[in-house]
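Asker: Take a look and give me a structure for this.
(one chain, ligands or ions: 1)
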Amino acid sequence: MKTLYDMERSGNCYKVRLLLALLGEDYEQVTVDLTRGEQRLESFLALNPRGEIPVLVEDGEVIWDSGAILVYLATRTADRHWFPDAALARARVAQWLAVAANEVHHGLAAARAIRLFGRAGDLAHSQALGRRALTLLDQQLARGPWLAGGAPSIADIACYPYVSVAEDGELSLAPYRNLARWCRDIESLPGYAPMAARPPSA
Ligand SMILES: N[C@@H](CCC(=O)N[C@@H](CS)C(=O)NCC(=O)O)C(=O)O
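Answerer: Numbering: from 1, shown residues only. Below is the predicted model:
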């Protein structure tokens with residue numbers, strides 16, 4: 001059995017919950033309440049020295065970082081389109097994992113955290129970076145249905161959560177037609193679960 005340390009409102013955790021839902025995999029969920037500082041408890045730092053969620057534990061192995069967890073889950077599933085085996089296809093996926101960890105995280109996620117959760121930060125700067133993320137993604141999605149190749153992959157799963165809640169950071173999706181279509185396509189995938197959905201075993 002897998003255990004996911006997460007929190008419902010976290011888009012980084014939702015990346016993992018979404019892939020698990022799409023793969024139809026069961027898991028247990030342990031809430032780490034960031035509002036109470038539980039990510040800084042010694043017991044949690046023993047799992048992830050960065051003091052961040054999500055963390056996945058399976059068979060005594062601990063994996064932290066949403067991108068790393070997506071790679072782990074997608075590498076061992078039979079549906080190879082989530083993280084294809086060919087070198088070039090993998091590199092294409094990795095490019096968008098990098099965008100998820102940089103422009104999306106420091107732009108869209110940061111603007112949301114400042115607006116919604118009162119985190120300290122420069123809202124205008126985060127929003128500018130967020131618009132850069134939305135433009136990059138929209139341009140790529142004008143070229144094809146998915147971010148990396150002709151099928152959904154963990155590139156899409158890594159970028160989708162904070163795009164889907166971009167308006168929390170006062171960033172409108174209205175100018176980005178390809179992104180709107182892509183969100184609808186992700187939301188139509190069999191097994192899709194919205195951000196607040198609980199795991200099957202919870
Ligand atoms: N690069 C990390 C970022 C994870 C991250 O920033 N998680 C947030 C929740 S969305 C967190 O745990 N923050 C801890 C804190 O605010 O102290 C990943 O992708 O997993």
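Asker: could you say which helix or strand contains Leu179?
Answerer: According to DSSP states H and E, Leu179 maps onto helix 177-187.
Asker: Give me the buried positions along that helix.
Answerer: 178-179, 182-183, 185-186 (16 or more other Cβ atoms under 10 Å). The way it works is simple: take the backbone N, C-alpha and C, and place the C-beta from them, glycine included.
Asker: now stretch 108-120
Answerer: 108-115.
Asker: do that stretch and the ligand meet at all?
Answerer: No - applying Cβ under 6 Å from any ligand atom, one finds stretch 108-120 separated from the ligand by no less than 6.8 Å.
Asker: and that stretch, how far out from the chain's middle?
Answerer: From the chain centre to the centre of stretch 108-120 is a distance of 16 Å (Cα atoms, centre = their mean, to the nearest Å).
Asker: any idea of the mean pLDDT for it?
Answerer: On average, the pLDDT along stretch 108-120 is 96.
Asker: Dump it to CSV, keeping only the CA atoms.
Answerer: This file holds the C-alpha atoms of stretch 108-120, laid out as CSV (Å, rounded to 0.1, in the frame of the first residue of the first chain):
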residue,chain,number,x,y,z
LEU,A,108,0.8,30.7,-10.8
ALA,A,109,1.2,28.8,-7.5
ALA,A,110,2.9,31.7,-5.8
ALA,A,111,0.2,34.3,-6.9
ARG,A,112,-2.4,31.9,-5.6
ALA,A,113,-0.6,31.5,-2.2
ILE,A,114,-0.3,35.2,-1.8
ARG,A,115,-3.9,36.0,-2.7
LEU,A,116,-5.6,33.0,-1.0
PHE,A,117,-3.4,32.1,1.9
GLY,A,118,-1.8,35.4,2.7
ARG,A,119,1.7,34.2,2.0
ALA,A,120,4.3,37.0,1.9
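Asker: measure the most centrally placed residue in the chain to Pro161 for me?
Answerer: When Cα atoms, centre = their mean is applied to the chain, the residue found nearest the centroid is Lys15 (3.2 Å). Shown here: Lys15 relative to Pro161, a distance of 5 Å by Cβ to Cβ, to the nearest Å.
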